[in-house]
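Engineer: Here is my input; please provide its structure:
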Amino acid sequence: MPQVDVNPNEDTEFRSPSPELPTEEERKDAAWRQANIDDLDLALEDADGEEERILQRLRLERLGELSATQARAQFGRMYPISRPDYTREVTDASRVNMPGSISNGKDAGTGVVCFLYKPGMDMCRLLEGYLETLAAKHPETKFVSIVGDQCIPNYPDKNLPTMLIYRNGELRRQVIGLRPEIGLDGMKTTLADVELLLTAVGVMDPPQSTQPKAAVDDDEDDDRNRYSSIRSRQKRLEEEDAELDWD
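Structural biologist: So this is what the prediction gives:
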């Protein structure tokens, strides 16, 4: 077999091109964009000129994000309500615009999940526990609970548990039972299943990721596909379900 001389400093068919390493400036810029306020304050101690201006701008952005998050995080638990409270605590509450809740130039309102249940029913207890956990994890979304037939007279037990999803004063979704058609699985339903469903129907913000950008982009594509599938199936189920009297 003939010998082939390969210049170690030259890219050839026998030697793959070396990936370009990020420059010091690029590494520093990437680190700053991931930094929290304390990190930026520390970096500002030794910064001057253009570098100082960039750090100050990033610090103001972080402060704005923190302020908006704190202003929106006003719930944090599930609130029991009665029938006379419904309009105020659900419909009207969903019209309130939280800081940072503007979507595509339009008022986004507040996401509200109204949980209809029956005391002692196993599936209701299961979902109640998950919703309590999600209420603490997503304090920008309002969660309320009410006994099913107190909310809607003669509401059948077979429809429980039910979640009524409101935003901007409108009933956006009705989730009846824990059915596999929408990604749930009865008593085998997991917390992740419920979180994915509520995110897909737009009542909760998607979870923030700390992964590298490339991995985040791939995950976001997968999530968008799952969300789209759930929304489509949920819409078909709503069309099949009998009309409910909310008032």
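
Engineer: domains for the protein, by residue range?
Structural biologist: For the chain, the structural domains run 24-71, 75-240, going by automatic domain parsing.

Engineer: Could you dump these into TSV and include mean pLDDT and mean neighbour count?
Structural biologist: Quick note: C-beta positions are derived from backbone N, CA and C, even for glycine. Formatted as TSV, the domains of the chain follow (pLDDT from 0 to 100; neighbours: other C-beta atoms under 10 Å):
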stretch	mean pLDDT	mean neighbour count
domain 24-71	76	13
domain 75-240	83	16
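
Engineer: Not counting stretch 44-55 itself, show me its contacts.
Structural biologist: 32, 40, 43, 56, 59 (C-beta atoms under 8 Å, 6 or more residues apart in numbering).

Engineer: For those, work out which two are farthest apart.
Structural biologist: 32 and 56 (11.3 Å; C-beta to C-beta).

Engineer: hang on, residue 146 in a helix?
Structural biologist: No. Under DSSP: H, G, I helix; E, B strand; the rest coil, residue 146 sits outside any helix and is assigned strand.

Engineer: Use 184 as the first number from now on
Structural biologist: Right, with 184 as the first residue, what we last looked at is residue 329.

Engineer: how close does it sit to residue 261?
Structural biologist: Counting by C-beta to C-beta, to the nearest Å, the separation of residue 329 from residue 261 is 11 Å.

Engineer: Now for the two: what residues contact both?
Structural biologist: Common contact partners of residue 329 and residue 261 (C-beta under 8 Å, 6+ apart): residue 298.

Engineer: Could you check how far residue 222 is from residue 241?
Structural biologist: Applying C-beta to C-beta to residue 222 and residue 241 gives a distance of 10 Å.
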